[in-house]
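Peer 1: this one's sequence-less:
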């Protein structure tokens, strides 16, 4: 059986760094939303029909294989909470892992806009997400999505049994990861580093 941890939140809130900390503390495997985006963009171009389809297939296959091979998994995701299809998609992921005997955990991060704009230009973000190196575009995209979408849930809005909300404006990724581990009583796997982060260097 495999567990799935979704680390969700708006752009530049710190999903990647929190997910990386969880990965290293728990020895879970990790896929960023940008892993599939960057790959599909390189092959099929930005925003094309083929890119969108390949992006979806990439993720679907990764989740399928995680369940098949009992690989505990972390995935970062940006959710438009006003869109009912988003909840249906995430609920489907939860059921996929739970039906195979695993658990589903939903970690929702939030931070003020000024903090997110600052984090949008950090060197680590630029290194891991090539598409964000165009900071003029990425800042514009961040502000546009903040205006047009509800990127965090509302007060008292809980989508899942294991749903934790954390304002990480003033918290380090390690502090957030520790809060998640404590909240859900998660235990680390026994794996060699190459089994869950081979070729990944921070």
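Peer 2: Sure, I can see it. The structure presented is a predicted model; accordingly, all values stated were derived computationally and were not measured. Numbering: from 1, shown residues only.
Peer 1: on the three-state scheme, the most centrally placed residue in the chain is what?
Peer 2: For the chain, the residue sitting closest to the mean C-alpha position, by C-alpha atoms, centre = their mean, is residue 76 at 0.6 Å. For residue 76, the reduced secondary structure class is strand; criterion used: DSSP: H, G, I helix; E, B strand; the rest coil.
Peer 1: confirm that residue 180 sits in a helix.
Peer 2: Yes. Counting by three-state DSSP, one finds residue 180 located in a helix.
Peer 1: that one touches residue 164, doesn't it?
Peer 2: Yes. Distance between residue 180 and residue 164: 6.3 Å, which falls inside the contact criterion (C-beta atoms under 8 Å). No exception for glycine: its C-beta is placed from N, CA and C like everyone else's.
Peer 1: for the two, list the residues in contact with both.
Peer 2: Between them, residue 180 and residue 164 have 105, 107 as joint contacts when contacts are counted by C-beta atoms under 8 Å, 6 or more residues apart in numbering.
Peer 1: those two: which has the busier surroundings?
Peer 2: The residue with the greater number of neighbours, taking residue 180 and residue 164 and applying other C-beta atoms under 10 Å, is residue 180; the counts read 21 against 17.
Peer 1: max-length strand in the protein?
Peer 2: Counting residues, the longest strand in the chain under DSSP state E turns out to be strand 104-110.
Peer 1: show me what contacts residue 79?
Peer 2: By C-beta under 8 Å, 6+ apart, the residues touching residue 79 are 8, 86, 90, 151.
Peer 1: for it, give its distance to residue 178.
Peer 2: To residue 178, residue 79 is 23 Å away according to C-beta to C-beta, to the nearest Å.
Peer 1: and if you look at residue 88?
Peer 2: In this structure, residue 88 and residue 178 are separated by 32 Å, where distance is defined by C-beta to C-beta.
Peer 1: show me which of those two is the more surrounded one.
Peer 2: Neighbour count, other C-beta under 10 Å: between residue 88 and residue 178, residue 178 has more, with 15 against 9.
Peer 1: mind checking pLDDT for that one?
Peer 2: pLDDT recorded at residue 178 is 98.
Peer 1: ok, now residue 202?
Peer 2: Per-residue confidence at residue 202 stands at 50 (pLDDT).
Peer 1: got the contact list for stretch 96-111?
Peer 2: Contacts for stretch 96-111 (C-beta under 8 Å, 6+ apart): 1-10, 13-15, 18, 63, 66-67, 72, 90, 93-94, 119, 152-153, 159-160, 162-169, 176, 180, 184, 186.
Peer 1: go with 6 Å
Peer 2: Outside stretch 96-111, the residues that touch it by C-beta atoms under 6 Å, 6 or more residues apart in numbering are 1-9, 13-14, 67, 94, 152, 160, 162-169, 180, 184.
Peer 1: give the buried residues for that stretch.
Peer 2: Burial within stretch 96-111, assessed by neighbour count using 16 or more other C-beta atoms under 10 Å, is assigned to 96-97, 102-111.
Peer 1: same question for stretch 39-58.
Peer 2: 40-41, 44, 51, 54-55.
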